[in-house]
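S.K.: Build me a model:
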Amino acid sequence: MYVHVKRFLDILAASCGLLLASPLLILIALAVKLDSPGEVIFRQERLGTGGRVFQMYKFRTMCVGAEHTGSGVYSEEGDARVTRVGRILRASSLDELPQLFNILLGDMSLIGPRPPLTYHPWTFDKYTDEEKLMFSVRPGITGYAQVNGRNNVPWPERIQMNVWYARHLSFALDLQIFFKTFFKVALMKDHYSQAREISERK
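M.R.: Numbering: from 1, shown residues only. Got it, this is the predicted structure:
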């Protein structure tokens, strides 16, 4: 039953969030546009529920084509590819605000496993049956792994956390993650990737 309640709460939260944050969204969009050339919104293919591919939205924080240069999908502190406005957006997690639209579209939830790239750490077919449990729930803007290490947690452990979340989905757990997220954002912690090493799967 909570799955249906969760979806209602997601729609309510996303609608209210977009309404209240609309002036901020406009200001951020202008800042991104004036700071560096390129689109304001960065679109990236991610794996969603059941392994379905969807377009995830973020405010652009790096120069155009950054994921194909330098360290690729990984970004460390001091990364020259990150724009001036992008550093502020990343530190405050404001770059994630456009994902409220993903929630309304049904691609995402406010809370759930962060959606991985379609090719990183592995393509969907490379995940084990156990690991694929993380795709049984909608991916989230924030989640259990994000409040327990975020980008500092190696991928295998991050996936285990996501599977644990999917198995223990509840309102109480989501509420706990929700408040812990505010604490993490306030401290501006773990928004740069530290854990890179992953094993290849055939």
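S.K.: Okay, buried residues for the host helix or strand of R7 please.
M.R.: When elements are defined using DSSP states H and E, R7 is found to belong to helix 2-35. Of the residues in helix 2-35, those buried by neighbour count under the rule 16 or more other Cβ atoms under 10 Å are 6, 9-10, 13-14, 17-18, 25, 28, 31-32, 35. For every residue, glycine as well, the C-beta is placed using N, CA and C.
S.K.: what does stretch 83-95 give?
M.R.: Within stretch 83-95, the residues that count as buried by 16+ other Cβ under 10 Å are 83, 85-86, 88-90, 93-95.
S.K.: try stretch 153-160
M.R.: Along stretch 153-160, the positions that meet the burial threshold by neighbour count (16+ other Cβ under 10 Å) are 153, 155, 158-160.
S.K.: Surely A21 is in contact with L97?
M.R.: Yes. Between A21 and L97 a contact is recorded at 6.2 Å, counting by Cβ atoms under 8 Å.
S.K.: Need the worst-confidence member of the buried residues of helix 2-35.
M.R.: Per-residue confidence over those reaches its minimum at D35, where pLDDT is 93.
S.K.: Which element, helix or strand, includes the residue nearest to V3 when sequence neighbours are not counted?
M.R.: Distances taken as Cβ to Cβ, 6 or more residues apart in numbering place L169 nearest to V3, at 7.5 Å, with adjacent residues excluded. Using DSSP H and E, L169 sits in no helix or strand.
S.K.: what do you get for the one 4 residues further on?
M.R.: Secondary structure assigned from DSSP H and E places L173 in helix 171-187.
S.K.: counting contacts, what elements does that helix pack onto?
M.R.: Here helix 171-187 touches helix 2-35, strand 109-111, strand 140-142, going by 3 or more Cβ pairs under 8 Å, 6 or more residues apart in numbering; DSSP states H and E.
S.K.: Quick check: buried residues in the helix or strand that the first one is followed by?
M.R.: Tracing the chain C-terminally past helix 2-35 and defining elements by DSSP H and E, one meets strand 41-47 next. Within strand 41-47, the residues that count as buried by 16+ other Cβ under 10 Å are 42, 46-47.
S.K.: The helix or strand just after strand 41-47 to strand 41-47, inter-axis angle?
M.R.: The element immediately downstream of strand 41-47 (helix or strand, assigned by DSSP H and E) is strand 53-59. Counting by axes from the mean of the first three to the mean of the last three Cα atoms, to 10 degrees, strand 53-59 points 150 degrees away from the direction of strand 41-47.
S.K.: Any stretches of this structure with poor pLDDT?
M.R.: Scanning the chain with the threshold set as pLDDT under 70 gives 70-77, 188-202.
S.K.: tally of neighbours for M108?
M.R.: M108 has 27 neighbours, counted by other Cβ atoms under 10 Å.
S.K.: Now the two most distant members of the buried residues of stretch 83-95.
M.R.: T83 and S93 (15.9 Å; Cβ to Cβ).
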